[in-house]
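Visitor: model this:
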Amino acid sequence: MRVRWQLSVALVALVAGLIGLAAAAAGVAGQVLPRKFSSAQQQQIMAWEASRRWLTRPAGKIFPATVRYQLPGYSLASGSGLGLTARRIGIARQATCGAGTDPSAARVLARLGCSALLRASYLDSTGSMVVTVGIAVLPTAADASAATGKMSHGDQRGAAVRAVAFPGTLAASFGDSQRQLSLAGNVGPYLVISTAGYTDGMPHVSLSSDSYAAQEMNSVANGVADAVVLPLGAQPPTPHCPGAPGC
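Guide: Numbers count the residues shown, from 1 in each chain. Have a look, this model is predicted:
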């Protein structure tokens, strides 16, 4: 009986010691850890989460299988626009920023610290036009904004991103010499650059001579770019609590 009593006393002492240790640890954590994030910390965490989207999201989520775009009513001599659908024909392998862009764009991206380029190509609803859209990953939103201002755009071949063709598809003949126009925009640390052309292999021509073709090509190129850039730029949930006791 005496041995058992001594053992019971030891167990009681051990339990009491563990409880005291846990309470002390909780007290230290409560003093060291913040009870809520500051506004600056919230912004930093949200920016970090957004900057990782290109790594954490599947390629099929970054580049959706189908994209809705709107042909403006004035191009149809109509009071209302026409909703159309472009479809993805392929996603290219991840490329370096230098390999996936023209030399002038590559130099800009290199200076700004571009780390990767993702690309995919889409066909318009008629199968006569193709768009290659690229996502260049920059260190910060300021870098992406600076890159946008330096990218070529408009009715010209100097379209920052290189075209991506996919053999066995209607876009098999789409190459850099077939690029008709280019667009550039940015959201967060991402530069979104796209280029469009015809699927029949037609080399660069001035779109100013065909206003309908220019409007249709701009519509599908903008629609594809928007479908990519909007999810990337969606604001993450605001973090409120780091998990400290009493938070």
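Visitor: which ones are touching Ala120?
Guide: Contacts of Ala120 were listed using CB atoms under 8 Å, 6 or more residues apart in numbering, and they are 59, 63, 88, 90-92, 132-133, 164. C-betas here are computed from N, CA, C, even on glycine.
Visitor: at 7 Å instead, please
Guide: Applying CB atoms under 7 Å, 6 or more residues apart in numbering to Ala120 gives the contacts 63, 88, 90-92, 133.
Visitor: Helix, strand, or coil at Gly223?
Guide: helix (DSSP: H, G, I helix; E, B strand; the rest coil).
Visitor: Looking at the contacts of Ala120, which is nearest Ser104?
Guide: Checking the contacts of Ala120 against Ser104 by CB to CB gives Val133 as the nearest, at 19.1 Å.
Visitor: can you give me the helices for the chain?
Guide: Listed in chain order, the helices of the chain (DSSP state H) span 2-32, 39-51, 53-56, 59-62, 103-111, 141-150, 211-233.
Visitor: In terms of mean pLDDT, which of those ranks lowest?
Guide: Of all the helices of the chain, helix 2-32 carries the lowest average pLDDT, namely a mean of 45.
Visitor: got the contact list for the residue nearest to Arg87 when sequence neighbours are not counted?
Guide: For Arg87, ignoring the flanking residues on the chain, the nearest one in space by CB to CB, 6 or more residues apart in numbering is Thr66 at 5.3 Å. Thr66 is in contact with 85-87, counting by CB under 7 Å, 6+ apart.
Visitor: Check Ala225 too.
Guide: 133, 183, 185, 192, 194.
Visitor: Please convert these to JSON lines, extending it with distance to Cys241, pLDDT and neighbour count.
Guide: Below are these laid out as JSON lines (distance: CB to CB, whole Å; pLDDT from 0 to 100; neighbours: other CB atoms under 10 Å):
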{"residue": "Val133", "distance to Cys241": "38", "pLDDT": "97", "neighbour count": "27"}
{"residue": "Leu183", "distance to Cys241": "41", "pLDDT": "91", "neighbour count": "22"}
{"residue": "Gly185", "distance to Cys241": "34", "pLDDT": "91", "neighbour count": "20"}
{"residue": "Val192", "distance to Cys241": "33", "pLDDT": "94", "neighbour count": "24"}
{"residue": "Ser194", "distance to Cys241": "40", "pLDDT": "94", "neighbour count": "30"}
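Visitor: and which of those is nearest Gln70?
Guide: Gln70 lies nearest to Leu183 out of the contacts of Ala225, by CB to CB, at 15.5 Å.
Visitor: Specify the beta-bridge partners of that closest one.
Guide: Ser194 (DSSP bridges).
Visitor: Surely it touches Ala221?
Guide: Yes. Between Leu183 and Ala221 there is a contact under CB atoms under 7 Å: 5.5 Å.
Visitor: Mutual contacts of these two, please.
Guide: Ser194.
Visitor: Could you identify which of the contacts of Ala120 has the most neighbours?
Guide: Using other CB atoms under 10 Å as the neighbour test, the contacts of Ala120 are led by Val133, with 27 neighbours.
Visitor: Is that residue in contact with Asp226, as I believe?
Guide: No. If you go by CB under 7 Å, Val133 and Asp226 don't touch, sitting 10.0 Å apart.
Visitor: ok, and the closest non-adjacent residue to Thr148?
Guide: Asn186 (4.5 Å).
Visitor: OK, contacts around the closest residue to Met217 other than its chain neighbours?
Guide: Excluding its sequence neighbours, the residue lying closest to Met217 (CB to CB, 6+ apart) is Ala196, at 4.9 Å. Counting by CB under 7 Å, 6+ apart, Ala196 touches 129-131, 180-181, 217, 220-221.
Visitor: now with 10 Å?
Guide: Going by CB atoms under 10 Å, 6 or more residues apart in numbering, Ala196 touches 121-122, 124, 129-133, 159, 163, 174, 178-183, 207, 216-222, 224-225.
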